[in-house]
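Participant: this is a predicted model, with the sequence first.
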Amino acid sequence: MNFNSHADTAVAVAAFLVNTLTPGESRGRPHALPPPGPERAATATSALRAGGWKSTEATETEADQLVGVAAELRVIFVAVDRHDIDSAAEQVNRLLDRTQARPHLERHDGEPWHLHFHGTGQTLGDDWAAACATGLAIVLGSELHDRLGVCTAPHCDRVYVDTSRNGTRRFCSTACQNRVKTAAFRARAVQP
């Protein structure tokens, strides 16, 4: 399931940012925000690269900005998961307004011209907030808005983007899916 090439990347980066740069629970364990400094910068860089960003590493200041962006993006995933598309759309619009997101055609890395979304260019955080908000706007403005969600496994609040053909994903990872299936199997095995 693809939305479009750049939107796919922006939405994937949004999920990676939320999952790595927001505190909560992950796979049954507490998930702490990486501490400020080199570890947070490395985590932010990993999240951006997981979505396809090939540029230089995020600085410590940029990583701190991306923590704020991740918190703003989490609101969207949680709202969609609660079937509150109005709140999700309002949050996307706030991000689009704040970042002054604008489309721009670019060609790089030997690829043909393709659409990118940028903010004012003042900070890496604003540029990624603009790109992620625009990608999420494309998803929310389509019939596929229910493809965003929060893991349904106990003690996990990581988010996902359902790109499966049938749109039935409920878990952030195979690890959480296996954890739930194993618990259900064990529960059935104990019943007389």
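Facilitator: Noted; the coordinates are in hand. Numbering: from 1, shown residues only.
Participant: partners of the lowest-mean-pLDDT helix or strand in the chain, with directions?
Facilitator: The weakest-scoring helix or strand in the chain, judged by mean pLDDT, DSSP states H and E, is strand 114-118 (a mean of 77). Strand 114-118 sits in its sheet next to strand 102-106 (antiparallel), going by DSSP bridges.
Participant: what residues does the partner strand touch?
Facilitator: Strand 102-106 is contacted by residues Trp113, His114, Leu115, His116, Phe117, His118, Gly119, Ala130, Thr134 when judged by C-beta atoms under 8 Å, 6 or more residues apart in numbering. Using the backbone N, CA and C atoms, a C-beta is placed for each residue, glycine as well.
Participant: can you redo these as JSON lines with neighbour count and distance to Glu25?
Facilitator: Below are the contacts of strand 102-106 laid out as JSON lines (neighbours: other C-beta atoms under 10 Å; distance: C-beta to C-beta, whole Å):
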{"residue": "Trp113", "neighbour count": "9", "distance to Glu25": "42"}
{"residue": "His114", "neighbour count": "13", "distance to Glu25": "36"}
{"residue": "Leu115", "neighbour count": "13", "distance to Glu25": "36"}
{"residue": "His116", "neighbour count": "18", "distance to Glu25": "34"}
{"residue": "Phe117", "neighbour count": "23", "distance to Glu25": "31"}
{"residue": "His118", "neighbour count": "18", "distance to Glu25": "33"}
{"residue": "Gly119", "neighbour count": "23", "distance to Glu25": "31"}
{"residue": "Ala130", "neighbour count": "25", "distance to Glu25": "29"}
{"residue": "Thr134", "neighbour count": "25", "distance to Glu25": "29"}
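Participant: flag the shaky bits of the protein, pLDDT-wise.
Facilitator: The chain contains residues with pLDDT under 70 at 1-6, 192.
Participant: could you point out the longest helix of it?
Facilitator: Longest helix of the chain, by residue count under DSSP state H: helix 60-81.
Participant: check the offset of that one from the chain's centre.
Facilitator: 8 Å (C-alpha atoms, centre = their mean, to the nearest Å).
Participant: before we move on, back to that, hmm, which two among the contacts of strand 102-106 are most spread apart?
Facilitator: Greatest spatial distance among these (C-beta to C-beta): Trp113 and Gly119, at 20.4 Å.
Participant: which stretches in the chain count as strands?
Facilitator: Taking DSSP state E to define them, one finds strands in the chain at 24-26, 29-31, 102-106, 114-118, 148-150, 159-161.
Participant: please point out which parts of the second one sit buried.
Facilitator: It refers to strand 29-31. His31 (16 or more other C-beta atoms under 10 Å).
Participant: so what does it touch, helix or strand wise?
Facilitator: Using 3 or more C-beta pairs under 8 Å, 6 or more residues apart in numbering; DSSP states H and E, the elements in contact with strand 29-31 are strand 24-26.
Participant: what is the strand it packs on packed up against?
Facilitator: Packing partners of strand 24-26 (3+ C-beta pairs under 8 Å, 6+ apart): strand 29-31.
Participant: this completes my enquiry, with thanks.
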